[in-house]
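Chemist: Quick one: sequence and predicted model below, then my questions.
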Amino acid sequence: MALEIPGIYVRGEKDLMVFDHAEARVIKIAGNKVTLEIINPTNMDATYTVMAESEDKAVKPLGDNAFVDRFIPVTIKAGQAKKITVTL
């Protein structure tokens with residue numbers, strides 16, 4: 001069994017947690033979609049993993065190796081920012 005923590009975790013429309021060397025903020029919420037701006041403040045290109053889930057999904061346990069299909073990789077060049085939209 002493999003366990004992995006996402007670099008950025010979005011839970012519902014209010015909670016945003018960043019566990020990696022990145023900065024993130026919510027730009028827009030529209031229905032079950034959340035648009036984030038992710039900033040790579042480091043001097044190296046980086047790939048961050050983003051996981052987003054609704055409050056309803058969050059109460060159900062993830063299965064083994066859930067990160068394989070639930071994590072969204074986002075590559076950002078050093079010092080750059082990127083906007084992405086995720087579905088809860």
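Modeler: Now that the structure is in, tell me what you want to look at.
Chemist: okay, CA-based contacts and neighbour counts for the rest of this
Modeler: Will do.
Chemist: quick one, helices of this protein?
Modeler: Counting by DSSP state H, the segments of the chain that form helices are 55-58, 67-70.
Chemist: Output the below-cut-off pLDDT ranges for the protein.
Modeler: Along the chain, the parts satisfying pLDDT under 70 run over 1-3, 65-68.
Chemist: Quick one: the strands in it, in order.
Modeler: Along the chain, counting by DSSP state E, strands occupy 8-11, 15-18, 23-30, 33-39, 46-53, 72-76, 81-87.
Chemist: Now stretch 70-78 - C-alpha only, CSV.
Modeler: C-alpha atoms of stretch 70-78 as CSV (Å, rounded to 0.1, in the frame of the first residue of the first chain):
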residue,chain,number,x,y,z
ARG,A,70,-7.1,11.5,-7.7
PHE,A,71,-4.0,13.7,-7.7
ILE,A,72,-3.7,16.3,-10.5
PRO,A,73,0.0,17.1,-11.4
VAL,A,74,0.7,20.8,-12.1
THR,A,75,4.1,21.8,-13.4
ILE,A,76,5.2,25.4,-12.8
LYS,A,77,8.4,27.0,-13.8
ALA,A,78,10.6,28.7,-11.2
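Chemist: Any buried residues in it, and which?
Modeler: Residues Phe71, Ile72, Ile76, Lys77 are the ones in stretch 70-78 that count as buried (16 or more other Cα atoms under 10 Å).
Chemist: Apart from its chain neighbours, what residue comes closest to the first one?
Modeler: Right, the one you point to is Phe71. Closest residue to Phe71 apart from its sequence neighbours, by Cα to Cα, 6 or more residues apart in numbering: Met51 at 5.0 Å.
Chemist: want to try TSV for the helices of the chain, with distance to Met17 as columns?
Modeler: Listed next are these as TSV, based on distance: least, Cα to Cα, whole Å:
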stretch	distance to Met17
helix 55-58	14
helix 67-70	16
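Chemist: For Asp20, find the nearest of these.
Modeler: Between Asp20 and the helices of the chain, the tightest spacing by Cα to Cα is seen for helix 67-70, at 15.7 Å.
Chemist: now for the helices of the chain, which one comes closest to Val34?
Modeler: Using Cα to Cα, the helices of the chain put helix 55-58 closest to Val34, at 13.4 Å.
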